[in-house]
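Colleague: turn this into a model:
(chains A and B)
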Amino acid sequence: MTSRIDNKRCLKMYKQMLTIRRFEEKAIELFEHNLIRGNIHPCIGQEAVSVGACTPLRRDDFMVNTHRGHGNCIAKGADLKRMMAELFGKSTGYCKGKGGSMHIADFEGGNLGANGIVGGGLPIAAGAGVGIQNRGTDQVAVCFFGDGATNQGTFHESLNLAALWKLPVIFVCENNLYGLSTPVREAVSADHISDRAMAYGIPGMSIDGNDIIAVHAKMVEAVERARAGEGPTLLDCITYRFFGHFTGDPGKGITYRSKEEMGQWLERCPIKRFRERLIKEKRITEKMAKTMEANVTASIEEAVQFAKESPLPLPEEALQDLFH
Amino acid sequence: MLKRVPCLCLKRPFKTSSIEMVPNGECEMAEITFVESLRMTLKEEMERDPSLMLIGEDIGRYGGIFGVTKGLLEEFGPQRVRSAPISESAIIGSALGAAMTGIRTVAELMYIDFTPVAMDQIVNQAAKMCYMSGGKAKVPMVIRTQEGGGRGNAAQHSQCLEALFLHIPGLKIVMPSTPYDARGLLKTAIRDDNPVMFIEHKLLYASKGSIPEGEYLIPFGQADIKRKGKDVTIVAISYMVIVALRAAARLAEEGIEAEVIDLRTLVPMDFDAILKSVRNTNRVVIVHEGCRRGGIGAEIAAQIQEEAFDALDAPVERVGALNVPIPYSEPLENAVIPDEEDIVKAVKKVLYRS
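Modeller: Residues are numbered from 1 along each chain as shown, chains lettered A, B, ... in the order given. Predicted coordinates:
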């Protein structure tokens, strides 16, 4: 199946997944050393959704992100240095230190920002779709959200609006099976989140979100459909976060997830699976993979260095940027 | 209830300086209603900016519940005049998404009482987008809505909620009181690159006023002295400006000359205009239709005592609605919403007259 994707792209996808993993591991470490404030919501374990969904996108396509959004930022092409600087609250960060982990936006790269409100981004993505339609371009807007967001009114309002007006929006659910501690089966009335697409007369699919090739394939179809003016698609990507809801969640979420369950999902690590597949298909050698891994680690170190050396904002900057 | 609907012909006898003359110097005055003024302005701005989009409930074929957008669908088509489902969050959120990606948008929420349905999109999203992104997000959107009582619409269709939005950094707030101001301020609001709450008043829609032929814009943060006076300063907004002017006319019969300041915009606020007047009259009454508790009067009074305590000859008076929801029955509603009499009383109180 990977054969449909050229070698260069496959390797780039693998490298991006690795970058997300290392970036987040580093961020957690820095958080534990009190170099990063607030909280981090790690997406470790969900990298196949980020990269699989963003690979078919162009730079001028729009993306609306969630609080668990570092992976999606990186997959949409964000600069690691400016991301890390934002986590450090530095002036050189994407939001000059005013946003932090939950609000990284990169408008040049089509990243319209992440949202601290569950479900808050869905109408904004619909609006980006409205804008595309009114300009008459073939861009698309991708909206990431979690399983929890599908119980918010904004999910239903936005899917209805997008279906009604055939907006070029792809709704990508990063279904990691838990809304903080609440299991999806205790929160979602439908058997599958993708079933909810039926209510709006749009295609909806549940996919193995830890299989990057599966995510990529469905995303390619959804993007084609959106670019052709045929309207939105709902992709329910079933995945798992290896860490807790956030850095303060005890035992990586052990209070609401069993050791066995966590162990089983670790076995299904999307990066490990993709690596094995690439090696099996002889697209990458062990040696190449090792070199790539070393390069990724170096780029993260460079980003940390940049963030550390960057200046903090001056207190008086707090009053700036309220209005454009 | 119809008796409360004003039929005013404000020919701007108080001030003409803010009318910007058209280049050829002509300044033909035409008399139109508040609704006509808004409609004309939207039409002109849509002609001026071919990307400008309207979105809201029943704004298409129906022309909006107050008729403001009548005819615009026919003229500009369904992509630019988007009649949306009853989904207030999606209306505001999609206006925001469109605005952030380069489509200047005017979203309409039929009643300000419906803004709480979309509060996340207004307060957490639109208001914060620019700041949260370190000044990068450009959000050229206007939320047009209307508020106010006086028509027996009861608790969920009569509120004045401007104070809620005054409390949220990141929103500009405009509250016009005349067809002339509505036109000049709506143009400025539409051309602004930030979220603007443009709050109309239902009792003003039928009011008439004169507007000049040519284009004019009224800058934000520029209060208008609707009546000059030396004895007391009345600071008012929206429909309460009209009520305050009536009160001032009555007071004049008793030899009290009230200065009526129409703030026109709450954010930014022309506090200098208030200060200047207060330093002249030494007495001030603030009038708004929203509840007194936590109303805009509280904020203005606090600022006055901070900046001009020495100038005051009497404590600042606030006139606002009683702290209850707006009741349906006419005597009850009249008891809750401030009127001319309340303003007259407050003025006499700060003048120590009875």
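Colleague: now do the helices in the chain.
Modeller: Going with chain A. A:7-32, A:47-54, A:70-75, A:80-87, A:122-135, A:153-164, A:212-227, A:259-267, A:270-280, A:286-309 (DSSP state H).
Colleague: sorry, I should have been clearer: chain B.
Modeller: Assigned by DSSP H, the helices in chain B fall at B:34-48, B:72-76, B:88-100, B:119, B:129-132, B:162-166, B:179-191, B:239-253, B:271-281, B:296-308, B:330-336, B:340-350.
Colleague: quick revisit: of all the helices of chain A, which one is nearest residue B:176?
Modeller: helix A:122-135 (26.5 Å; Cβ to Cβ). From N, CA and C alone the C-beta is placed, and that goes for glycine too.
Colleague: for the closest one, what is the distance to the chain centroid?
Modeller: Its chain's C-alpha centre and that of helix A:122-135 lie 19 Å apart, by Cα atoms, centre = their mean, to the nearest Å.
Colleague: counting contacts, what elements does that helix pack onto?
Modeller: For helix A:122-135, the elements it packs on are strand A:62-66, strand A:111-115, strand A:141-146, helix A:153-164, strand A:169-175, strand B:53-56, helix B:88-100, judged by 3 or more Cβ pairs under 8 Å, 6 or more residues apart in numbering or on different chains; DSSP states H and E.
Colleague: centre of the chain versus the longest one, how much separation?
Modeller: Between the mean C-alpha location of helix B:88-100 and the chain-wide mean there is a distance of 22 Å, by Cα atoms, centre = their mean.
Colleague: and the residue of the stretch 151-300 of chain A nearest chain B?
Modeller: residue A:157 (3.7 Å; Cβ to the nearest Cβ).
Colleague: and the helices and strands packed on helix A:122-135 as TSV, adding mean pLDDT, mean neighbour count and distance to residue B:346?
Modeller: Below are those laid out as TSV (pLDDT from 0 to 100; neighbours: other Cβ atoms under 10 Å in any protein chain shown; distance: least, Cβ to Cβ, whole Å):
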stretch	mean pLDDT	mean neighbour count	distance to residue B:346
strand A:62-66	98	29	49
strand A:111-115	96	27	45
strand A:141-146	98	29	51
helix A:153-164	98	24	43
strand A:169-175	98	29	53
strand B:53-56	98	26	37
helix B:88-100	98	30	36
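Colleague: out of these, nearest to residue A:264?
Modeller: strand A:169-175 (16.3 Å).
Colleague: what about that closest one, near chain B?
Modeller: No. Strand A:169-175 lies out of reach of chain B by Cβ under 8 Å from any Cβ of the partner chain, never closer than 9.4 Å.
Colleague: how far off centre is that strand?
Modeller: 10 Å.
Colleague: quick one, phi/psi of residue B:220?
Modeller: phi -70, psi 150 (degrees, to the nearest 10).
Colleague: neighbours of it, how many?
Modeller: Per other Cβ atoms under 10 Å in any protein chain shown, the neighbour tally for residue B:220 reads 21.
Colleague: next: the one 5 residues further on.
Modeller: Residue B:225 has 17 neighbouring residues, counting by other Cβ under 10 Å.
Colleague: that older thread, mind checking the helices of chain A for the one nearest to residue B:139?
Modeller: helix A:122-135 (10.6 Å).
Colleague: hmm, back to that, dump the helices and strands packed on helix A:122-135 to TSV, plus distance to residue B:185.
Modeller: Formatted as TSV, the helices and strands packed on helix A:122-135 follow (distance: least, Cβ to Cβ, whole Å):
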stretch	distance to residue B:185
strand A:62-66	32
strand A:111-115	29
strand A:141-146	32
helix A:153-164	30
strand A:169-175	34
strand B:53-56	17
helix B:88-100	19
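Colleague: closest one to residue B:270 among the ones you listed?
Modeller: Per Cβ to Cβ, nearest to residue B:270 of the helices and strands packed on helix A:122-135: helix B:88-100, 26.2 Å.
Colleague: output the contacting helices and strands for the closest one.
Modeller: helix A:122-135, helix A:153-164, strand B:53-56, strand B:105-109, strand B:141-147.
Colleague: so can I have TSV of these showing distance to residue A:246?
Modeller: Shown next, in TSV, are these (distance: least, Cβ to Cβ, whole Å):
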stretch	distance to residue A:246
helix A:122-135	21
helix A:153-164	22
strand B:53-56	35
strand B:105-109	33
strand B:141-147	32
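Colleague: next up, the contacts around the nearest residue in space to residue A:86 that is not next to it in sequence.
Modeller: Leaving out its chain neighbours, the residue that sits closest to residue A:86 by Cβ to Cβ, 6 or more residues apart in numbering or on different chains is residue A:93, at 3.0 Å. Applying Cβ atoms under 8 Å, 6 or more residues apart in numbering or on different chains to residue A:93 gives the contacts A:82, A:83, A:84, A:85, A:86, A:87, A:99, A:307, A:310, B:134.
Colleague: ok, the third one - contacts?
Modeller: With contacts taken as Cβ under 8 Å, 6+ apart, residue A:84 has the following neighbours: A:23, A:27, A:93, A:300, A:303, A:304, A:306, A:307.
Colleague: just the pLDDT for residue 287.
Modeller: If you meant another chain, say so; for now it's chain A. Listed pLDDT for residue A:287 reads 94.
Colleague: wait, I meant chain B there
Modeller: For residue B:287, pLDDT reads 98.
Colleague: right, and it touches residue B:338 too?
Modeller: Yes. Counting by Cβ atoms under 8 Å, residue B:287 touches residue B:338, with 6.5 Å between them.
Colleague: now do the shared contacts for the two.
Modeller: Counting by Cβ under 8 Å, 6+ apart, the residues touching both residue B:287 and residue B:338 are B:240, B:243, B:319, B:320.
Colleague: neighbour-wise, which of those residues leads?
Modeller: Of the shared contacts of residue B:287 and residue B:338, with other Cβ under 10 Å as the count, residue B:240 tops at 30 neighbours.
Colleague: where are the low-confidence patches of chain A?
Modeller: The model of chain A has pLDDT under 70 over residues A:1-3.
Colleague: ok, back up a step: next one: phi and psi at the residue nearest to residue A:86?
Modeller: The phi/psi pair for residue A:93 (degrees, to the nearest 10) is phi -70, psi 170.
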